[in-house]
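[1] sharing a sequence plus its predicted fold:
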Amino acid sequence: MSNLVFPAPAPTLLPIAGSDALFPVRRIFCVGRNYAEHAREMGNDPDREPPFFFTKPTDAAMTSGLTLPFPVVTQNLHHEAELVVAIGTGGADIAAEDADAHIWGYAAGNDLTRRDIQGDAKALRRPWDMGKGFDASAIIGLLHPAAQTGPMAAGRITCKVDGDLRQSGDLSEMIWPTDQIIAFLSKLVSLAPGDLIMTGTPAGVGPIQNGQTCKVEIEGLSPASVTYR
Ligand SMILES: CC(=O)CC(=O)C(=O)O
């Protein structure tokens with residue numbers, strides 16, 4: 001017998017490449033403007049900014065390959081191709097040189113953004129959570145254990161919409177690499193097993209329309225794709 005007032009929410013579980021095991025998601029952190037060209041296309045100066053973070057709800061994480069309804073209340077849904085770091089061992093104040101030991105694995109991801117809602121919030125100097133943290137706003141490809149990939153410091157990252165190349169970059173172009181991200185973030189919050197970190201997007205963000213398929217690919221990882229219908 002349970003004393004819960006309603007059933008506890010089901011955990012958000014993500015599939016792992018080559019395994020029947022599942023990765024339970026705890027929280028989703030995201031890094032903003034982590035590639036210089038993208039920071040410029042958003043009207044910011046990449047040389048003057050420390051890393052900053054925002055979050056998405058845990059159950060925003062969706063596996064790759066789904067056909068989903070087009071997100072509500074937006075006329076300007078944007079793709080953002082990103083490397084996702086999956087934390088396996090938590091901790092606070094993790095030194096950059098120890099960060100790799102806390103990484104369970106990696107995935108390709110799409111940090112979907114309701115750019116119109118985000119832009120309106122920015123203009124009003126309000127939080128832009130509703131531009132970033134909406135239902136199904138994080139498409140995550142199969143997770144790959146770091147024990148198999150090794151550290152993901154370099155590798156081509158692309159985003160295609162209906163086969164057209166929209167974003168193209170290399171993980172080595174990140175302003176703050178994954179070890180620095182973990183060091184910064186773990187000063188702000190204690191990281192825990194199951195946390196995902198979406199590490200920022202290269203230049204070329206742009207719209208996805210209903211009826212289109214958007215696919216993020218990173219060298220060495222499974223793709224993160226979504227179709228809207
Ligand atoms: C802060 C942004 O809107 C863009 C973003 O999420 C990024 O990765 O940069």
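    Here it is on my side, so go on.
[2] how about the helices in the protein?
    36-41, 115-123, 129-132, 146-149, 178-188 (DSSP state H).
[3] and stretch 123-133, what's buried?
    128, 131-133 (16 or more other CB atoms under 10 Å). Yep, even glycine has a C-beta here, placed from its N, CA and C like the rest.
[4] mean pLDDT added to the helices of the chain, as TSV?
    TSV is the format used below for those (pLDDT from 0 to 100):
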stretch	mean pLDDT
helix 36-41	88
helix 115-123	98
helix 129-132	98
helix 146-149	98
helix 178-188	97
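[5] export those to JSON lines and tack on distance to the ligand?
    Putting those into JSON lines (distance: least, CB to the nearest ligand atom, whole Å) gives the following:
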{"stretch": "helix 36-41", "distance to the ligand": "5"}
{"stretch": "helix 115-123", "distance to the ligand": "6"}
{"stretch": "helix 129-132", "distance to the ligand": "7"}
{"stretch": "helix 146-149", "distance to the ligand": "21"}
{"stretch": "helix 178-188", "distance to the ligand": "12"}
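[6] mean confidence for stretch 133-145?
    Taken as a whole, stretch 133-145 has an average pLDDT of 98.
[7] where in this protein is pLDDT low?
    1, 48 (pLDDT under 70).
[8] flag every residue of it that's near the ligand.
    30, 32-33, 38, 80, 111, 113, 118, 200-201 (CB under 6 Å from any ligand atom).
[9] looking at those residues, state which has the most neighbours.
    Counting neighbours by other CB atoms under 10 Å, T201 comes out on top of the residues of the chain next to the ligand with 30 neighbours.
[10] once you drop chain neighbours, what's closest to that one?
    Leaving aside its sequence neighbours, T201 sits nearest to E80 (CB to CB, 6 or more residues apart in numbering; 3.8 Å).
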